[in-house]
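K.L.:
below is the structure, and that's it, no one-letter string:
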């Protein structure tokens with residue numbers, strides 16, 4: 001019975017580093033949104049039809065296998081909260097894990113724009129995400145999406161039973177991970193490191 005923790009929020013809010021702390025504290029496996037993006041970009045080119053289809057297939061198969069083999073997973077995601085198809089997609093993940101006896105936990109991070117712009121240019125972010133190394137494009141994309149989309153839910157808006165909102169503008173990733181673990185009462189797995197973070 002696999003659990004899924006979705007760490008959601010706008011670009012450069014800190015999803016990856018929070019997810020990594022959750023991975024290490026809980027011994028969960030982890031898939032960040034850029035894992036599928038970067039590999040599909042390398043194979044099929046940036047934002048091509050084949051890239052988009054492969055990206056979607058990669059994630060879908062990963063979730064199916066997590067459920068099949070009882071692999072607890074942390075997943076990072078950017079959601080446009082104004083779009084019904086985004087809610088439908090996240091609800092499909094919720095249903096997949098819940099209906100197979102697991103748990104679904106939705107962690108929504110927020111931070112002020114100045115903080116996100118600073119985090120967008122950190123060396124670690126660029127090391128882990130090749131598409132962010134074009135700083136000018138990445139900054140423009142962040143600003144444009146902030147204007148175009150609703151990247152955090154409204155005050156009082158809760159999509160899931162287990163929906164935790166955290167403003168992490170002034171919090172360390174480890175602090176945020178501890179808040180998540182405590183709020184949901186999550187218990188660490190008994191796994192060897194190679195089982196959940198091999199080669200990292």
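P.N.:
It's in. Remember, it's a predicted structure, so these values are computed and weren't measured experimentally.

K.L.:
need the three-state assignment for residue 106.
P.N.:
Here residue 106 is strand, with the state taken from DSSP: H, G, I helix; E, B strand; the rest coil.

K.L.:
I'd say residue 24 and residue 189 touch.
P.N.:
No: here residue 24 does not reach residue 189: they are 11.3 Å apart, not a contact under CB atoms under 8 Å. Where C-beta positions appear, they are placed from N, C-alpha and C, glycine not excepted.

K.L.:
the more surrounded of those two?
P.N.:
Comparing residue 24 with residue 189 by other CB atoms under 10 Å, the one with more neighbours is residue 24, at 17 against 14.

K.L.:
ok, the more buried one to residue 111 distance?
P.N.:
Taking CB to CB, to the nearest Å as the measure, residue 24 and residue 111 are separated by 22 Å.

K.L.:
ok so residue 7 is a helix residue?
P.N.:
No: the assignment for residue 7 (three-state DSSP) gives strand, which keeps it out of a helix.

K.L.:
so it touches residue 78, yeah?
P.N.:
No: checked against CB under 8 Å, the pair residue 7 and residue 78 is beyond contact range at 10.4 Å.

K.L.:
which residues do the two both contact?
P.N.:
Residues touching both residue 7 and residue 78 comprise residue 15, with contact defined as CB atoms under 8 Å, 6 or more residues apart in numbering.
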